[in-house]
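In: the sequence and its predicted three-dimensional model are supplied below.
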Amino acid sequence: MWKIGTGTAHQRYVTRTAAFMGVYVLLNVAAIAGVFDALKGGPGAWALALAVSIPIAGQIWATLALMAESDEFVRALTARQFIVSAGVAMALFCAWGFAESYADAPHAPGWIVYILFWAAFGASAPFIRSTK
Amino acid sequence: MKNRLRELRAARRWSQADLAERIGVSRQAVNALETDKHDPSLGLAYRIAALFGLPVEEIFDNEHR
């Protein structure tokens, strides 16, 4: 049985996503604009790298919270979509990593796996309509 | 899992949203049950059976019998 209703659960998910992605975008835009240039090479740079990653962990939590607050159908559907997307993102990123090692492919930064994951999540949504 | 959910709901002139509210799930969940895209948990099957006043097996086919 759902705890708060799927509508409310989705509303909370959208609010949480907007908050976490807002922080993520803000930190990255500031970094690109050079706000944190003085930190480069020092321990502060590690703190910046971790700070940018925290909203990513938050976004994963928001998705798990959506599952916990939804009914069993939405929960099972989201879990399926999450697993498929994680699999696609890992497979693609590993393939690229091997291409870097064996085929001199240009280097792709690690954070691209996050973009790949959400791209796969969105692209798989229309095809994952059953929990079976 | 084949079931008589749509027929039982229609007999009471309930919409999917009406049934969803009565059994505590989303309308999408009711639609998924009716179109055989989701097998209910034991708890949900019991709630549905209690709502219609029928044994679970008179609503959901038991393919193992």
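Out: Cool, got the structure. This is a predicted model, so every value here is computed, not measured. Residues are numbered from 1 along each chain as shown, chains lettered A, B, ... in the order given.
In: contacting residues for the closest residue to residue B:52 other than its chain neighbours?
Out: With sequence-adjacent residues excluded and distances taken as C-beta to C-beta, 6 or more residues apart in numbering or on different chains, residue B:52 is closest to residue B:8, at 5.3 Å. The C-beta positions use only the backbone N, C-alpha and C, and glycine is treated the same way. Neighbouring residues of residue B:8 by C-beta atoms under 8 Å, 6 or more residues apart in numbering or on different chains: B:52, B:54, B:59.
In: now for residue B:38, how many residues are close by?
Out: The local packing of residue B:38 (other C-beta atoms under 10 Å in any protein chain shown) involves 26 other residues.
In: in a strand, it, correct?
Out: No. Secondary structure assignment (DSSP: H, G, I helix; E, B strand; the rest coil) places residue B:38 in coil, not in a strand.
In: thought it was touching residue A:73?
Out: Yes. Counting by C-beta atoms under 8 Å, residue B:38 does reach residue A:73; the two are 4.9 Å apart.
In: give me the common contacts of these two.
Out: A:131, B:29, B:32.
In: for the longest helix along chain A, could you pull out the residues that count as buried?
Out: If you go by DSSP state H, chain A has its longest helix at helix A:72-103. For helix A:72-103, a neighbour-count test (16 or more other C-beta atoms under 10 Å in any protein chain shown) marks A:72-78, A:80-82, A:84-85, A:88-89, A:92-93, A:96 as buried.
In: got the CA coordinates for the very next helix or strand once past that helix in PDB?
Out: Once helix A:72-103 ends, the next helix or strand along the chain (criterion: DSSP states H and E) is helix A:112-124. Extracted in PDB, the C-alpha atoms of helix A:112-124 (Å, rounded to 0.1, in the frame of the first residue of the first chain):
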ATOM      1  CA  ILE A 112      29.900  11.200 -18.100                       C
ATOM      2  CA  VAL A 113      28.500   8.000 -16.600                       C
ATOM      3  CA  TYR A 114      26.000  10.000 -14.600                       C
ATOM      4  CA  ILE A 115      24.700  11.700 -17.800                       C
ATOM      5  CA  LEU A 116      24.600   8.300 -19.600                       C
ATOM      6  CA  PHE A 117      22.600   6.900 -16.700                       C
ATOM      7  CA  TRP A 118      19.900   9.500 -16.800                       C
ATOM      8  CA  ALA A 119      19.800   9.500 -20.600                       C
ATOM      9  CA  ALA A 120      19.200   5.700 -20.500                       C
ATOM     10  CA  PHE A 121      16.600   6.300 -17.700                       C
ATOM     11  CA  GLY A 122      14.700   8.700 -19.900                       C
ATOM     12  CA  ALA A 123      15.100   6.700 -23.100                       C
ATOM     13  CA  SER A 124      14.000   3.400 -21.600                       C
END
